[in-house]
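[1] the sequence and its predicted three-dimensional model are supplied below.
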Amino acid sequence: MKKTKRIKSLTTKSILIILISFIIFMLIAAPIIQAITFNVFNPYLIENAILKTGDSAVYMSMFLARSNPTMYKLTYRNENFCTAANKLAEGSINVDEFREAITESTTPFTTEFPMTDGVDYSGVSYPVIYSAEYGIFCDDSISEAASNLVDSEWFKHYQENRENLKAYSPIVYQNEDGKQEGYFSYVYTFHTDEDNQNKYYAIVMTKYSDIFPLWDSVLELGIDDFGFIGFGCEPLYQSIDGTQWNTSWILDNLASGRQHYVITLEENDKTHCAVLVSYENEQLRFYSSFSNDIFSNLFINSNWRIQLIFAVFIGVFVLIVIFIFNRIFKRLVALTDKIAVIQNGNYDVTFDDSSEDEIGQLASAFNTMTGKIQDNINELVEKEKREKMLQYNLTISAMDPHFIYNTLNTSTRLAELGRSKEVVIVNDALINCLKNNLKMKNFQSFDTVENEINTLMQYITIQNYLCDNTVSLECSITDNDKGLQIPKFLLQPLVENSILHGIVMNVDKDGNSIPGKIKIAIDTKGERITIKVKDNGIGMSQETIEKYFRSDESVILNETAHFEHIGVLNLRNRLSYLYSNNYSISVNSQSGKGTEIIIDIPKS
């Protein structure tokens, strides 16, 4: 767990180092990048401003090309107007009747057209008709502005010098809702009779606030010094009062036939732009002047956008770094988890990572190492099993020399006594016991209860000749239980213990041996087998029971134990080998009342 935390902290540290380094780099590089970007793109930005000026001039021309001809249709090209004007001159109608007759010609009209940026333009124009003899005819909403224009010095100059020309007037104002509203005007002169006696002035007035949207694309760049110029470079409108414009440069460069063509002048770190908006004979120009660092200010004003872009870029970069590092360190964490499993003693573990990078090579080396460790462990386990099996076989064979010696000695005595038939019986019984013992060479550690009982009967036969007592064996085993698998030679040591340490030493008050009785009972309950061996011998002391049957210490054979319950000690070793701790031995015994040994083992 500690290693996992260390690796996770390494992930965090790595990400923080990269993130902090990247932020420091961006903070240092951002101003430099911004300056380089400005120097690279500033010429293109100036060119963009010039192009937008040309586009706006086209929009302005589109407006004039629609509003001015509409006025033509309402005045000298309007038969009703001309007829009413001639009747007024003849005296057949009065001024009020004339005003009513030309209502159509003085009604405001709307000019609409689509702009290339997807925005539809809409502006209202107000027709005004003026006669030096009859006065002003217009919509009431525009009367103040119309009067201001007619009374202006510019209009008087127009009457005296330019009335044969179509011209644009300076902005005139009228009070609307407590504020001054400016009006942009187009003026021309016309006559309603063939003798040119009935002279009228037609004026198209448009709110300057309706003109501004045509120049939004230019003004939104931050250009604040601009305006309109009329005949002789006369200023019609200036956004900044008192600005000195280079009018001579405009006159020299705005030659005929160059409508919508933007001319520029670089002067004292400033750029001057001028464009002919109207037809050549109308002389309407748009003029603007801006410092070359205006776009630098735009950069500064838009710095938050640049910072936002940097922040987004950093965020994306950090997410990518986190994703990559998580993938890398996730694999390392998984590897440390596998190592922790090995630390807990489980070497049967592999780490699946087929990548060809360093972690993949580490995984391959890890798998090779764990494989070799597991092979070594398996080899040690097999070796230990072989050693235990050898020890197990030696444990069983430890009974054989003593038993065989006594049996052969008995056969010799029987032969000396001429009891040849009994010699044959003893030898046959010994042969059957040894034949059963030979099965251990094939590592057959278990046998059926039935076979074990048969072998035990042969053993009892021999013991009846070895001992003076007559030993009888009683078995309480069901037919179903006869097929149970139990460890080989499990019963014989228990019977031998009953005979040698209980029955042989059991005599009456006259010193005569008491016939021995041994009862074997085998029962099953669930997955457990219970084996009981009971005799009528002299019994055991509590000290003997504790020493040979209940001691938790390792069972160690020695020369002393060779004649002291060696069978029981060997049996405990064998059961410990076969079942580890999954077995039990208990003893019920009292001196003079026999002994009962109970063994509980699992089914095989």
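    That came in fine, so what should we check first?

[2] next SSE after the helix or strand bottoming out on mean pLDDT in the chain?
    Lowest by mean pLDDT, DSSP states H and E among the helices and strands of the chain is helix 294-301, with a mean of 60. Downstream of helix 294-301, the first helix or strand assigned by DSSP states H and E is helix 303-343.

[3] other SSEs contacting that following helix?
    helix 2-74, helix 358-397 (3 or more C-beta pairs under 8 Å, 6 or more residues apart in numbering; DSSP states H and E). Glycine gets a C-beta too; all of them are placed from N, C-alpha and C.

[4] what's the mean pLDDT across the first one?
    Right, the one you point to is helix 2-74. If you average the pLDDT over helix 2-74, you get 72.

[5] tell me which helix or strand comes right after that helix.
    helix 79-90.

[6] for that next one, list every residue counted as buried.
    Neighbour counts over helix 79-90 (16 or more other C-beta atoms under 10 Å) mark 81, 82, 84, 85, 86, 87, 88, 89 as buried.

[7] repeat for stretch 420-429
    In stretch 420-429, counting by 16+ other C-beta under 10 Å, buried: 423, 425, 426, 429.

[8] for it, which outside residues touch it?
    407, 410, 411, 414, 415, 458, 459, 461, 462, 465 (C-beta atoms under 8 Å, 6 or more residues apart in numbering).

[9] and the residues you listed, which two are furthest apart?
    415 and 459 (20.9 Å; C-beta to C-beta).

[10] continuing past whichever helix or strand residue 436 is part of, what's the next helix or strand?
    In the assignment (DSSP H and E), residue 436 maps to helix 420-438. Per DSSP H and E, the first helix or strand lying C-terminal to helix 420-438 is strand 446-448.

[11] from the chain's centre, how far out does that following strand sit?
    Distance, stretch centre to chain centre, for strand 446-448: 62 Å (C-alpha atoms, centre = their mean, to the nearest Å).

[12] right, and the helix or strand after that strand?
    Helices and strands here follow DSSP H and E; after strand 446-448, the next one along the chain is helix 449-466.

[13] could you tell me which ranges of the stretch 101-250 of the chain sit under the pLDDT cut-off?
    117 (pLDDT under 70).

[14] what about the helices in it?
    Counting by DSSP state H, counting those that start in this stretch, the segments of the stretch 101-250 of the chain that form helices are 143-150, 153-161, 208-211, 216-219, 247-253.

[15] dump these to JSON lines, plus distance to residue 584.
    As requested, these are arranged in JSON lines below (distance: least, C-beta to C-beta, whole Å):
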{"stretch": "helix 143-150", "distance to residue 584": "121"}
{"stretch": "helix 153-161", "distance to residue 584": "128"}
{"stretch": "helix 208-211", "distance to residue 584": "108"}
{"stretch": "helix 216-219", "distance to residue 584": "100"}
{"stretch": "helix 247-253", "distance to residue 584": "119"}
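
[16] so which of those helices gets nearest residue 314?
    Comparing the helices of the stretch 101-250 of the chain by C-beta to C-beta, helix 216-219 comes nearest, at 33.1 Å.

[17] give me the helices and strands touching the closest one, please.
    By 3+ C-beta pairs under 8 Å, 6+ apart, helix 216-219 packs against helix 2-74.

[18] re the thing from before, right, and the pair among the buried residues of stretch 420-429 with maximum separation?
    423 and 429 (10.9 Å).

[19] list the buried residues in the helix or strand where residue 518 lies.
    Using DSSP H and E, residue 518 falls within strand 516-525. Burial within strand 516-525, assessed by neighbour count using 16+ other C-beta under 10 Å, is assigned to 516, 517, 518, 519, 520, 521, 522.

[20] buried residues, the very next helix or strand once past it. List them.
    Scanning forward in sequence from strand 516-525 by DSSP H and E, the next helix or strand is strand 528-535. By 16+ other C-beta under 10 Å, the buried positions in strand 528-535 come out as 529, 531, 532, 533, 534, 535.

[21] would you mind measuring from the fifth one to residue 478?
    Distance of residue 534 to residue 478, computed by C-beta to C-beta, to the nearest Å: 18 Å.

[22] picking up where we left off before, closest to residue 197 among the buried residues of strand 516-525?
    residue 522 (151.4 Å).

[23] pretty sure the closest one contacts residue 483?
    No. The criterion here is C-beta atoms under 8 Å, and residue 522 misses it with residue 483 at 11.2 Å.
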